[in-house]
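Engineer: model the structure of this input:
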Amino acid sequence: MRTIFIILVFFLIQASIFAQVQVSGKVTDSRNAPLPGTNVFLKDSYDGATADSLGHFSFKTGLKGIRQLSATFIGYKPFLLNLDLDSARTMVLNIVLDESDAQISEVVINAGAFEASDKKKAVILKMFDVATTPSAQGDIFGALCTLPGVQKVGEDGRVFVRGGESYETQSFLDGMLVSTPYLSKMPDMPTRGRFSPLLFSGTLFSTGAYSAEFGQALSSIVDMKTNSLETEDKSSISIMTVGAMASTTKCWKNASLSLSGDFLTSGLSNVINKQQVDWTKSPAGVDGTLMYRQKTGKTGMFKVFGTLNHSSSGMIYPNTQTGIKQDILLNSSNVYLNNTYNSMLGEKWMIKSGLAWNYDHQKFDLDKDRIGTNQKMFQVKLQFIHNINEQTELKFGADWVNFSYEQNIRMGGNYRLPFTNNELSGFAELEYKLSKKFATRLGARIENSSLLSETTLVPRLSAAYKTGNHSQFSLAGGYFYQNPENDYLKFAPQLKPEKASHAVMTWQYQTEQKTFRVEGYLKKYADLVKFSQPLATNPLDYSNTGSGHAEGIDLFWRDKESLNLSDYWISYSWINARRNYKDYPVSAIPTYVSEHNLSVVYKRFFEPLRTYASVTYSFASSRPFHDPNFSGFMNAKTQPYNDISLSLTYIMEMFGKQSVMHLMVNNIAGFDNVYGYNFSKTPNAAGKYESTPIKSPFVRQIILLVSIML
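Structural biologist: Here you go, the predicted model:
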């Protein structure tokens, strides 16, 4: 079932095992419940294993003499036991872990944050949940759109959080910046994230008031954590209606290497699914991914992550503003490299360091015109964490980001628009637990931009109080800055950073099987960019005189025990947001904001049929748009958005190999959703401004996947 939504091909390679002593057993808590994911290992060695879903573990070792075995799991006290490896060839152990101060019954600061993880006990979603949500179509950002606080913007595909635009959410991978996390997109067409959710062991999604470790995001951050050291060689092959992929994983004693490559094309899918786009070149792409992990010393972990992507597509775009159908061709290439090293420095210090490089090239041909855009990002980051005592933890560090941008335009002449920015930041955060019921976190971040010649110092504050055995109350707030978008800085580098303030209040009740969460928030914007008209080339047309606000309530309910063999969650968001920015003449609700958003996700495993079923219902209330045929601004609204998506996964055998067949149907009911309208610049002979509706590229999408484990 781990192969759902990912198109994997592995080539089987056997690893040599020289161990002589077999150590196995089971890890449970004090209530005899298994603890999957527990790390069981011999200290001062690389020999060990991770407990499976039933708490069982097994490994071999060639070590001799008396060795100390350790078992660790987040939220529990470490377990230590001396083993005489000369006394027997086989050892069977029953390990019981006692809860520590990090257990779910203790206070944990969580205001504004949702976490999906396979390692932590007290989380909202597992990574498996992210991968098997049908409306997400295997996209991390698509799955996040089923959580409260996120707007449904179907013609875009990116994440819009609590009244903020998509650029206000920054993405990170193992704490390192990803400057282009989405695939390139055509006008009025949705995009998706570059990374598969199954590459990651967890994702931290903060919808506001996030940690001082991160910056340059007015609204939100998404931090994806890559998988740790793989423990077994594996391979599979997958073919589907939109392409195929190959991948291999090779493991050694203290290292692992994973490689994958895929070719995707929507040619067959465009035939199967009714299209609402006049494609001249079906979207196609080639991707490659590398993940290398190496244990170093007793506690160190060295990781290398790299992706390479090239894609192309072409379409006839009905440009309502000009009244002409335009031939558009988009070619893009993207490379992302990420290198991190983490290690303990003694018993109470930890170092975390990283390098990241991102290159993105887009060539956009519009009839005889061409726009070429190059972006390069390089980041260096160093962080230290000091566990002063059981109640106090100090985290501090610094990072440097070099970003260069260049756009070359061939449109009635040749134009070059370049700029370079060096962003130097420092941060510190102190978390203190006054008791098992009360904790605070005080942070600060300083940022300096060479391009804007601006230095900002911003505070961050969070606190949490335990109100019961399974409930807690949290508060968080702070100030957040972000440089203006590249499309503005290329014309007006004299602009200063945009600013937002957050105040978040959360109450959460959580057991191992149920979660209820209610969160209220207030956001205020200042220094937003305003201009007289879009794409104005005069720097004096741009200013930081814009403002805005957003306030709302988010609700989340998840239940994994009330319905037999079922799991479901419900997300609801209410928001009131207005802005006076860009070329808005007055303060108004932005076009991407819908007042009400609802998502219902239901999943069930039908054991006799060996089938896993998932269904998602999404609703968004009307969104505003400006109709020049009537007086006023933002004077009209779309119809509400509705979507029902279904996925079925059948576990079987093909050619004597474990296999999976996966069927996904998006918008199964065929709702005719309209996201807005494009209007002509001038009225026709009858004095009316003509319009074209903005819709999804297909009414309904069907995808079939077959994956075979080799």
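Engineer: off-centre distance for stretch 342-354?
Structural biologist: Remark: stretch 342-354 is offset 25 Å from the chain centroid, using CA atoms, centre = their mean, to the nearest Å.
Engineer: what do you get for stretch 301-316?
Structural biologist: 16 Å.
Engineer: now do that stretch, average pLDDT.
Structural biologist: Mean per-residue pLDDT for stretch 301-316: 96.
Engineer: ok, stretch 449-465 next?
Structural biologist: 95.
Engineer: residue boundaries of the helices in this structure?
Structural biologist: With DSSP state H as the criterion, the chain has helices at 127-131, 140-144, 267-272, 486-489.
Engineer: closest to His310 out of the ones you listed?
Structural biologist: Closest to His310 of the helices of the chain is helix 267-272 (CB to CB; 16.7 Å). C-betas here are computed from N, CA, C, even on glycine.
Engineer: with only the CA atoms kept, save the closest one in PDB.
Structural biologist: Taking Å, rounded to 0.1, in the frame of the first residue of the first chain, the C-alpha atoms of helix 267-272 are listed here in PDB:
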ATOM      1  CA  GLY A 267      -1.500  12.200 -24.200                       C
ATOM      2  CA  LEU A 268      -3.400   9.100 -23.300                       C
ATOM      3  CA  SER A 269      -5.100  10.800 -20.400                       C
ATOM      4  CA  ASN A 270      -6.300  13.600 -22.600                       C
ATOM      5  CA  VAL A 271      -8.000  11.000 -24.800                       C
ATOM      6  CA  ILE A 272      -9.700   9.200 -21.900                       C
END
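Engineer: hang on, the earlier thing: nearest to Trp279, of the helices of the chain?
Structural biologist: helix 267-272 (6.3 Å).
Engineer: so what does the closest one touch, helix or strand wise?
Structural biologist: If you count contacts as 3 or more CB pairs under 8 Å, 6 or more residues apart in numbering; DSSP states H and E, helix 267-272 packs onto strand 278-296, strand 701-709.
Engineer: who touches that helix?
Structural biologist: 241-242, 279, 282, 284, 701-703 (CB atoms under 8 Å, 6 or more residues apart in numbering).
Engineer: and what of stretch 23-37?
Structural biologist: 38, 40, 50-61, 69, 71, 73, 76, 83, 90-99, 118-119.
Engineer: ok so, going back, and the helices and strands packed on helix 267-272 as CSV, adding mean pLDDT and distance to Ser236?
Structural biologist: Listed next are these as CSV, based on pLDDT from 0 to 100; distance: least, CB to CB, whole Å:
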stretch, mean pLDDT, distance to Ser236
strand 278-296, 93, 15
strand 701-709, 88, 5
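Engineer: packed most tightly, which of those would that be?
Structural biologist: strand 701-709 (a mean of 20; mean count of other CB atoms under 10 Å).
Engineer: mean pLDDT for the helices of the chain: which is lowest?
Structural biologist: Mean pLDDT, when computed for each of the helices of the chain, is lowest for helix 127-131, at a mean of 68.
Engineer: poorly predicted segments of this structure, please.
Structural biologist: 1-20, 31, 44-46, 52-54, 74-75, 100-128, 130-131 (pLDDT under 70).
Engineer: break the protein down into its domains, please.
Structural biologist: 21-97, 113-418+442-709 (automatic domain parsing).
Engineer: contacts only, for the nearest residue to Gly243 once chain neighbours are set aside.
Structural biologist: In space, and not counting its chain neighbours, Gly243 is closest to Leu264: 3.7 Å by CB to CB, 6 or more residues apart in numbering. By CB under 8 Å, 6+ apart, Leu264 lies in contact with 242-243, 283-287.
Engineer: let me have the residues you listed in TSV, adding distance to Asn635 as columns.
Structural biologist: Output for the contacts of Leu264, formatted as TSV (distance: CB to CB, whole Å):
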residue	distance to Asn635
Val242	40
Gly243	44
Pro283	35
Ala284	41
Gly285	40
Val286	45
Asp287	44
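Engineer: and the contacts of helix 267-272, which is closest to Val153?
Structural biologist: For those, the nearest to Val153 is Gln701 (17.7 Å; CB to CB).
Engineer: and the closest one, how far is that from Thr38?
Structural biologist: Separation of Gln701 from Thr38 (CB to CB, to the nearest Å) stands at 40 Å.
Engineer: what do you get for Ser353?
Structural biologist: Using CB to CB, Ser353 is found at 27 Å from Thr38.
Engineer: who's more crowded, these two?
Structural biologist: Thr38 (25 against 17; other CB atoms under 10 Å).
Engineer: how much space separates the more buried one from Val27?
Structural biologist: In terms of CB to CB, Thr38 sits 4 Å off from Val27.
Engineer: now do the shared contacts for those two.
Structural biologist: With contacts taken as CB under 8 Å, 6+ apart, the residues that reach both Thr38 and Val27 are 51, 55, 57, 71, 73, 95, 97.
Engineer: contacting residues for the first one?
Structural biologist: Think Ala51. Residues in contact with Ala51 (CB under 8 Å, 6+ apart) are 26-27, 34-38, 40, 57.
Engineer: surely Glu498 and Glu485 touch.
Structural biologist: No - here Glu498 lies out of contact with Glu485, judged by CB atoms under 8 Å, at a distance of 9.2 Å.
Engineer: lovely, talk soon.
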